[in-house]
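> Have a look at this prediction, sequence included:
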Amino acid sequence: MSGQTEQGREVRPSHARPGRSLQTEAIEDYAKAIYAIAQRGEGPVGTSELAERLGVTPATATAMLKRLDERGLVRHRPYKGVTLTPAGERVALEVIRHHRLLESYLAEQLGMPWDRVHQEAEVLEHYISEELEGLIAAKLGEPSHDPHGDPIPGPDLALPGGEPSVPLAEIAVGETATFARVSDSRPEMLRYLADRGFAPGIEITVTGREPFDGPLRVEVGGSEHVLGGELVRRIRVIGAGS
């Protein structure tokens, strides 16, 4: 990734901390956002969806995507969306590895609640060196998943294998599945789940389902809870129905 230039200035890869700029951070943020959105569906990522995720205007996103296309990090076709190139995917996976290792360190070593680690990691992910990344990974025993159950790319940026997961909403009444992961983008949702004993690895039994796309009744650790539509779509489980 090193050696690419814009107006004669070298743009360093994400692991090169010296001389970083807001432009370099923006590149990483765009690559990570495109990667995340692409994991939820098929085909190119729409500019409007990307702009909404990043909190910028569609015009700002379009201008940045043009720069990324010129650098060979994305393929951007106006009105048809954007996809990451192999080089762009590598940028995304590097910063995702940093982010998820930081979340794991903050949660496991510093005792920070899982609803707070995301925002801290969002800031720090751009600044840790490869040496510090390696020390964190070694201290944690080379973890494969972060506190929210998301897979951590390895040093070679390969994602760990694992059983496929499905939304909790797809589990039938009477079946039990294992909590695999949940989006870390809604702190209030994570606090709600943590207060009720939900965490990756715990078993969830669906005990009832209200009609007309109503909420689910589930049992966790001997207690029954009612979970609404957004929660049961965002919680992913493995086991029954996977």
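Great, that's in hand.
> Residue ranges of each domain in this protein, please.
Under the assignment automatic domain parsing, the domains of the chain span 1-161, 166-239.
> Name the next helix or strand downstream of the lowest-mean-pLDDT helix or strand in the chain, please.
In the chain, no helix or strand scores lower on mean pLDDT, DSSP states H and E than strand 9-10, which sits at a mean of 32. Note on strand 9-10: by DSSP states H and E, the next helix or strand toward the C-terminus is helix 22-38.
> Could I have the CA atoms of that following helix written out in CSV?
Below are the C-alpha coordinates for helix 22-38, written out as CSV (Å, rounded to 0.1, in the frame of the first residue of the first chain):
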residue,chain,number,x,y,z
LEU,A,22,-7.0,13.3,8.6
GLN,A,23,-7.1,12.2,4.9
THR,A,24,-5.5,8.9,5.8
GLU,A,25,-8.0,8.4,8.6
ALA,A,26,-10.8,9.1,6.2
ILE,A,27,-9.5,6.5,3.8
GLU,A,28,-9.6,3.9,6.5
ASP,A,29,-13.0,5.0,7.7
TYR,A,30,-14.5,4.8,4.1
ALA,A,31,-12.8,1.4,3.5
LYS,A,32,-14.1,0.0,6.7
ALA,A,33,-17.6,1.3,6.2
ILE,A,34,-17.8,-0.1,2.6
TYR,A,35,-16.6,-3.4,3.9
ALA,A,36,-19.2,-3.5,6.7
ILE,A,37,-22.1,-2.6,4.5
ALA,A,38,-21.1,-5.1,1.8
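> which other helices and strands contact the helix or strand following it?
Downstream of helix 22-38, the next assigned helix or strand under DSSP H and E is helix 47-54. In terms of contacts (3 or more CB pairs under 8 Å, 6 or more residues apart in numbering; DSSP states H and E), helix 47-54 is packed against helix 22-38, helix 58-70, strand 81-84. For the C-beta atoms, the positions are set from N, CA and C on the backbone; glycine is no exception.
> Tabulate these (JSON lines), appending distance to A92.
Formatted as JSON lines, the helices and strands packed on helix 47-54 follow (distance: least, CB to CB, whole Å):
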{"stretch": "helix 22-38", "distance to A92": "4"}
{"stretch": "helix 58-70", "distance to A92": "11"}
{"stretch": "strand 81-84", "distance to A92": "6"}
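> looking at the ones you listed, which has the lowest confidence?
Ranked by mean pLDDT, these end with helix 22-38 at the bottom, a mean of 92.
> Contacts for that helix next, please.
6, 11-12, 14, 45, 49-50, 53-54, 61, 64-65, 68, 71, 73-74, 82-84, 88-89, 91-96, 99, 125-126 (CB atoms under 8 Å, 6 or more residues apart in numbering).
> Name the residues of that helix that are buried.
Using 16 or more other CB atoms under 10 Å as the burial criterion, the residues of helix 22-38 that qualify are 24-38.
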